[in-house]
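Chemist: Let me see the structure of the following:
(one chain, ligands or ions: 2)
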Amino acid sequence: MAKIISVVSGKGGTGKSTLSAALSKSLASSNRKVLAIDLDIGLRSLDILLSLENKVVFDFGDILDGKCSIEAAMIPHDSIETLFLLSSPNVVSKSFSIQGLISLIKSLSKSFDFIILDMPAGLGISIIMARELADLNLVVTVPDAITLRDTRKISDAISTNTSRPSRLIINRVSKSALLSSGIKDLDEMIDSVGIPLLGVIPEDEWINSTIPQKRSTKNSITIAKIFDAIGERINGHYVPLIFRQI
Ligand SMILES: Nc1ncnc2c1ncn2[C@@H]1O[C@H](COP(=O)(O)OP(=O)(O)OP(=O)(O)O)[C@@H](O)[C@H]1O
Ligand SMILES: [Mg+2]
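Modeler: Ligands and ions are numbered 1, 2, ... in the order given. Next up is the predicted model:
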């Protein structure tokens, strides 16, 4: 059965989709069979982040409506053989139910090593999925007091009356972000959210660049290592934090 990892945050724009795409690529590159599912109904982005936007024909809404087979909606990645995307519909039909979606994802888990759920921001569907389905919740935050407060809220909501584990990912970390937010250090952010840290991702303006030359700079090599390290930690290995001038 696949390990199901949900990627959530209280506030929008913290980097959930960026992490979902990069982590899916990293895990699949180490020969695990990975399915990335975009659950941001109406606001999908994983197709672009995985460079598969021209390949999306069907989505999970079509499977649930019986308009296509599961196989027809699975989009294979161009260069990573063991990576697949299941995209999100722009709108769902009247018969859509979250329980139906949960059953679909459970049935898919037999065929993969990892399923990565890229969730929309906020407390709605994320909380249900995180509490009912996820083997691990990655709670993404950025160094900003308001975002940290919302991160605490979503993390508390996920962990109430459930033993499903959550881990913190602090994204967009830089000296200037810490300075301008008045946050002293990483420990202060970990303490304010109250869940263990799994990874720290630095601010990197080329993180999702579609310009290959920019992606192959020294920075993006470091960033790739950071996502690999997060993947390794998910697999239970100890990998020290990789800091870059923080
Ligand atoms: N470490 C980073 N450094 C610089 N920019 C980043 C970083 N992580 C994400 N971004 C940028 O932040 C923006 C939001 O990222 P992303 O779409 O991954 O967030 P999200 O949490 O999925 O947003 P939403 O809640 O709208 O789904 C994007 O423009 C992305 O390129
Ligand atoms: Mg997103």
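Chemist: When you work out contacts or count neighbours from here on, use the C-alpha atoms and nothing else.
Modeler: Will do.
Chemist: Tell me which stretches of this structure form strands.
Modeler: For the chain, the strands defined by DSSP state E cover 3-8, 34-38, 74-76, 83-86, 114-118, 136-141, 166-173, 197-202.
Chemist: Turn these into CSV, including distance to ligand 1, mean pLDDT and mean neighbour count.
Modeler: Formatted as CSV, those follow (distance: least, CA to the nearest ligand atom, whole Å; pLDDT from 0 to 100; neighbours: other CA atoms under 10 Å):
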stretch, distance to ligand 1, mean pLDDT, mean neighbour count
strand 3-8, 8, 97, 26
strand 34-38, 10, 98, 27
strand 74-76, 20, 98, 20
strand 83-86, 15, 98, 26
strand 114-118, 7, 98, 26
strand 136-141, 8, 97, 26
strand 166-173, 4, 96, 22
strand 197-202, 5, 94, 22
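Chemist: which one of those strands lies closest to I242?
Modeler: Set against I242 and scored by CA to CA, the strands of the chain come closest in strand 197-202, at 7.7 Å.
Chemist: tell me the angle of the closest one relative to strand 166-173?
Modeler: Strand 197-202 runs at 10 degrees relative to strand 166-173, counting by axes from the mean of the first three to the mean of the last three CA atoms, to 10 degrees.
Chemist: List the neighbouring strands of strand 197-202 plus their orientation.
Modeler: Its sheet considered, strand 197-202 pairs with strand 166-173 (parallel) by DSSP bridges.
Chemist: which residues are contacting the strand it pairs with?
Modeler: Residues outside strand 166-173 that contact it (CA atoms under 8 Å, 6 or more residues apart in numbering) are 14-15, 136-143, 155, 159, 190, 195-204, 246.
Chemist: isn't A130 right up against G124?
Modeler: No - applying CA atoms under 8 Å as the test, A130 and G124 come out as separate, 10.3 Å apart.
Chemist: who has more neighbours, the two?
Modeler: Counted by other CA atoms under 10 Å, A130 and G124 do not tie: A130 has more neighbours, with 28 against 12.
Chemist: Grab the nearest non-local neighbour of G10.
Modeler: G122 (4.5 Å; CA to CA, 6 or more residues apart in numbering).
Chemist: any idea how far I154 is from the one you found?
Modeler: 7 Å (CA to CA, to the nearest Å).
Chemist: likewise L117?
Modeler: For L117, the distance to I154 - CA to CA - is 16 Å.
Chemist: Just the buried residues of stretch 226-243, please?
Modeler: Within stretch 226-243, the residues scored as buried using 16 or more other CA atoms under 10 Å are I226, F227, D228, A229, I230, G231, E232, I234, I242.
Chemist: do stretch 94-113 as well
Modeler: L101, I105, S109, F112, D113.
Chemist: Would you check that the first one makes contact with L64?
Modeler: Yes - between L101 and L64 there is a contact under CA under 8 Å: 7.4 Å.
Chemist: Show me which residues of the protein sit near ligand 1.
Modeler: Contact residues (CA under 6 Å from any ligand atom) of the chain with ligand 1: 12-18, 120-121, 171-172, 201-205, 207-208.
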